[in-house]
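> Whatever this is, show me its structure:
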Amino acid sequence: MSVITDARSGRASARVPAESAGSVLPTRLDSLTSLRFFAAFAVFAHHFTGVGGKTGYGRAPSIFPYSEMGAHGVTFFFVLSGFLLTWVYKPYEHPVAFYIRRVARIWPATLVAAVLAYYVFYVRAHEAVEWKSFIASLFLVQNWLPEATPTLPGNPVTWTLSVEILFYALFPLLARFVVRMRTPLLVGLTVAGLVGMWAVNWWAFDSLAPETARWVMRHPAVYLPQFLVGMTVALLIRRGLRVPLRPIVPLALLAAYVYGYFQLRAHLSAAYDAQLEYTLRPTLAVLAALVIIAFVQRELGGHRGLLNKKPLILLGVWSYSFYLLHHSVSRFATYEWGRTADKDSALFAMLGMGLVILAMSWALYRFVEEPANRWLVRRIPARWRRTAPSVPVAQHTP
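This next block holds a predicted model:
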């Protein structure tokens, strides 16, 4: 069995199964880096095709309305954040150092992208600026404001970063408890969290005004169960869980779910259609977890496939900048040249626009995101730079 060794006393404790030989597990998982780009591109496809009518830059019938599900590519980001932070969790790291590292990674690029967003969504759109909401978006706390104007102020896509910020704030404390939980309790709490997410969604739209209900479902706290899913998956794999799951299986399940979701909506009564919507976020979190499990196990087994190739890894590295820029570019094109025809030829326009955004993303990463991150991390005060303890936090014994 696995045991935890107390770093201070050297005494072993059998209270919690240890992560299986953390020293032999890689901290870098290239396949997950590559998958980030596909999630970001799914969100882009959603904004490009819109939600019907005259929204979006152009609607391609071959992918619409399925492209609407791309909006939930952010679910993959939330689950992945929980997974990666737990996968590389350093119990000896000072919380302040952790916070500085997270801010260094996300905030500089966010501020630069906000300049383009300001021009597109306010100046070019001839919209007045509600400064309280806009400034809140710069500090990534806009989701806490029920009266935010517009609903997604500043750079609209940064509402997800408002969610991430809460998780980052809680992670140093949360991880201390989660990593010590027995597996059955951890899995039980994770399932309960997803059930709670469904229940809150149902309660909000059944009991509150629609606008208030939508704010509740944007609130950062509502998404914490999705992060917990990622944390749980990371710990289960580190503790030795392996399931016979090839990547094609969860990908096929995801495709089938997306297809079935939109096909069912045309035939369900209003009550059942509402339940389908309420279960959407928890279901996608589970599917995201299965995708992560399949690809991580594959990579840990030594298989290096397409997602481990450098071009796709680079796309994943640039995906955060891509995410920050894509909606502003798509909306600018709509304002500047009008919508393209709602035909499948719009797919060529989407590909071309994607390439333009990708070039901009490379520049934002190369000249802002990465150098700013390095500059800020190097300036973490020495008193917060703890080194690994001499005795391993986790050891594995047969």
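> The residue nearest to residue 87 when sequence neighbours are not counted: which element?
Among residues not flanking residue 87 along the chain, residue 234 sits closest, at 4.5 Å (C-beta to C-beta, 6 or more residues apart in numbering). Heads up, the C-betas are built off the backbone N, CA and C, glycines and all. Element membership for residue 234 (DSSP states H and E) is helix 224-238.
> Only alpha carbons, please: show that helix as PDB.
Extracted as PDB, the C-alpha positions of helix 224-238 are listed here (Å, rounded to 0.1, in the frame of the first residue of the first chain):
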ATOM      1  CA  LEU A 224     -16.000  25.200  -8.000                       C
ATOM      2  CA  PRO A 225     -17.400  21.600  -8.400                       C
ATOM      3  CA  GLN A 226     -15.800  21.500 -11.900                       C
ATOM      4  CA  PHE A 227     -12.400  22.400 -10.400                       C
ATOM      5  CA  LEU A 228     -12.900  19.700  -7.800                       C
ATOM      6  CA  VAL A 229     -13.500  17.200 -10.600                       C
ATOM      7  CA  GLY A 230     -10.000  18.000 -12.000                       C
ATOM      8  CA  MET A 231      -8.400  17.900  -8.600                       C
ATOM      9  CA  THR A 232     -10.000  14.500  -7.900                       C
ATOM     10  CA  VAL A 233      -8.900  13.000 -11.200                       C
ATOM     11  CA  ALA A 234      -5.300  14.200 -10.700                       C
ATOM     12  CA  LEU A 235      -5.200  12.600  -7.200                       C
ATOM     13  CA  LEU A 236      -6.800   9.400  -8.400                       C
ATOM     14  CA  ILE A 237      -4.200   9.000 -11.200                       C
ATOM     15  CA  ARG A 238      -1.300   9.800  -8.800                       C
END
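> what's the distance between it and the middle of its chain?
Its chain's C-alpha centre and that of helix 224-238 lie 13 Å apart, by C-alpha atoms, centre = their mean, to the nearest Å.
> next SSE after it?
Sequence order places helix 248-265 as the next helix or strand after helix 224-238, per DSSP H and E.
> I'd like to know which elements that following helix is packed against.
Secondary-structure packing of helix 248-265 (3 or more C-beta pairs under 8 Å, 6 or more residues apart in numbering; DSSP states H and E): helix 270-278, helix 280-300.
> Can you tell me how far the residue nearest to residue 143 when sequence neighbours are not counted is from residue 99?
Of all residues not flanking residue 143 in the chain, residue 162 sits nearest, at 3.9 Å (C-beta to C-beta, 6+ apart). Separation of residue 162 from residue 99 (C-beta to C-beta, to the nearest Å): 16 Å.
> ok, those two, which is more surrounded?
residue 162 (23 against 17; other C-beta atoms under 10 Å).
> Check which helix or strand the more buried one maps to.
Residue 162 belongs to helix 159-178, assigned by DSSP H and E.
> Run the angle between that helix and helix 224-238 for me.
Orientation check (axes from the mean of the first three to the mean of the last three C-alpha atoms, to 10 degrees): helix 159-178 against helix 224-238 gives 50 degrees.
> quick one: buried residues of helix 159-178?
159-168, 171-172, 174-175, 178 (16 or more other C-beta atoms under 10 Å).
> And stretch 199-216, by the same measure?
Those would be 200, 201, 204, 205, 213, 215, 216, for stretch 199-216 by 16+ other C-beta under 10 Å.
> just stretch 294-305 next, same as before
So stretch 294-305, judged by 16+ other C-beta under 10 Å, has buried residues 294, 295, 296, 297, 298, 299.
> Which single one of these is nearest to residue 278?
residue 294 (26.6 Å; C-beta to C-beta).
> which helices and strands does the helix or strand just after the helix holding residue 162 pack with?
Using DSSP H and E, the next helix or strand after helix 159-178 towards the C-terminus is helix 183-207. Helices and strands touching helix 183-207, by 3+ C-beta pairs under 8 Å, 6+ apart, are helix 210-216, helix 224-238, helix 270-278, helix 280-300.
> Check which helices and strands the longest one sits against.
Using 3+ C-beta pairs under 8 Å, 6+ apart as the contact criterion, the elements in contact with helix 280-300 are helix 30-49, helix 73-87, helix 183-207, helix 224-238, helix 248-265.
> what's the angle from it to helix 73-87?
50 degrees.
> Next up, the contacts around the nearest residue to residue 227 once chain neighbours are set aside.
Leaving aside its chain neighbours, residue 227 sits nearest to residue 82 (3.7 Å; criterion: C-beta to C-beta, 6+ apart). Residues in contact with residue 82 (C-beta atoms under 8 Å, 6 or more residues apart in numbering) are 167, 226, 227, 228, 229, 230, 231, 232, 233, 234.
> any idea how far residue 230 lies from residue 196?
16 Å.
> more neighbours, these two?
Per other C-beta under 10 Å, whichever of residue 230 and residue 196 has more neighbours is residue 230, with 27 against 14.
> so where's the protein shaky on pLDDT?
Within the chain, the segments meeting pLDDT under 70 span 1-23, 387-398.
> Show me the residue at the heart of it, geometrically.
Geometric centre of the chain, nearest residue: residue 77, 1.5 Å, by C-alpha atoms, centre = their mean.
> Many thanks, have a good one.
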